[in-house]
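Chemist: coords please:
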Amino acid sequence: MDMKLFNRVLILDDDPASLYLARLMMEETGLAEAIATFYTAREGLEFIRTHCLDEHAAREDCPDLILLDINMPGMDGFEFLDALEMMGKKHMIRKVVVVLTSSSYPRDQEKMHAYGVRGFINKPVTEEKIMELVSRSA
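Modeler: Sure thing, here's the model as predicted:
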């Protein structure tokens, strides 16, 4: 695919294999101009602070897709979403955040729906799942 649908994709996942696979699938689809990966939600928030909130940041550096693992140590995905809201970036959750999950707990599913995230991808990430997400978003 020659079309770059996303200028910058941010992938947050504490599992190295899952992070690698998600990045590989994004690269193979050819949908992203740039991909940044982090093992912690705090690193992802710092990226957003410097690339989306800083007055000198280039607008195109702010991610237009975030693939977010929910179950991470330290700061989990729900706390990341809370922090985005506190930063005044609630609109990003609906437009930009896609949850990566292996959780089948109904409570987690309800919480994810309550945030109004753009979508969900059950792990493992595959090219088909990414393309399905893109087709639903178009």
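
Chemist: Run the chain-centre distance for the helix or strand hosting Glu85.
Modeler: Under the criterion of DSSP states H and E, Glu85 resides in helix 77-86. Put simply, helix 77-86 sits 12 Å off its chain's centre (C-alpha atoms, centre = their mean, to the nearest Å).

Chemist: Just the pLDDT at Tyr105, thanks.
Modeler: Confidence at Tyr105, expressed as pLDDT, is 77.

Chemist: Check the one 4 residues further on too.
Modeler: In the prediction, the pLDDT value recorded for Gln109 is 77.

Chemist: Check whether it really touches Tyr115, as I assumed.
Modeler: No - between Gln109 and Tyr115 no contact is recorded; they are 11.3 Å apart, counting by C-beta atoms under 8 Å. C-beta: built from backbone N, CA, C; applies to glycine.

Chemist: and those two? which has more neighbours close in?
Modeler: With neighbours defined as other C-beta atoms under 10 Å, Gln109 and Tyr115 compare such that Tyr115 has more, 17 against 14.

Chemist: need the contact list for the more buried one.
Modeler: Neighbour list for Tyr115: Phe78, Leu81, Ile93, Val97 [criterion: C-beta atoms under 8 Å, 6 or more residues apart in numbering].

Chemist: thinking again about what came up before, which element follows the helix holding Glu85 toward the C-terminus?
Modeler: helix 90-96.

Chemist: and that following helix, which residues are buried?
Modeler: Buried residues in helix 90-96, defined by neighbour count with 16 or more other C-beta atoms under 10 Å: Met92, Ile93, Val96.

Chemist: Stretch 69-77 too?
Modeler: Neighbour count says stretch 69-77 has Asp69, Ile70, Asn71, Met72, Met75, Asp76, Gly77 buried, by 16+ other C-beta under 10 Å.

Chemist: Same check on stretch 29-49?
Modeler: So for stretch 29-49, counting by 16+ other C-beta under 10 Å, buried means 29, 31-32, 35-45, 47-48.

Chemist: what kind of secondary structure is the closest residue to Asp61 other than its chain neighbours in?
Modeler: Nearest residue to Asp61, sequence neighbours excluded (C-beta to C-beta, 6 or more residues apart in numbering): His51, at 4.2 Å. Following DSSP: H, G, I helix; E, B strand; the rest coil, His51 is assigned to helix.
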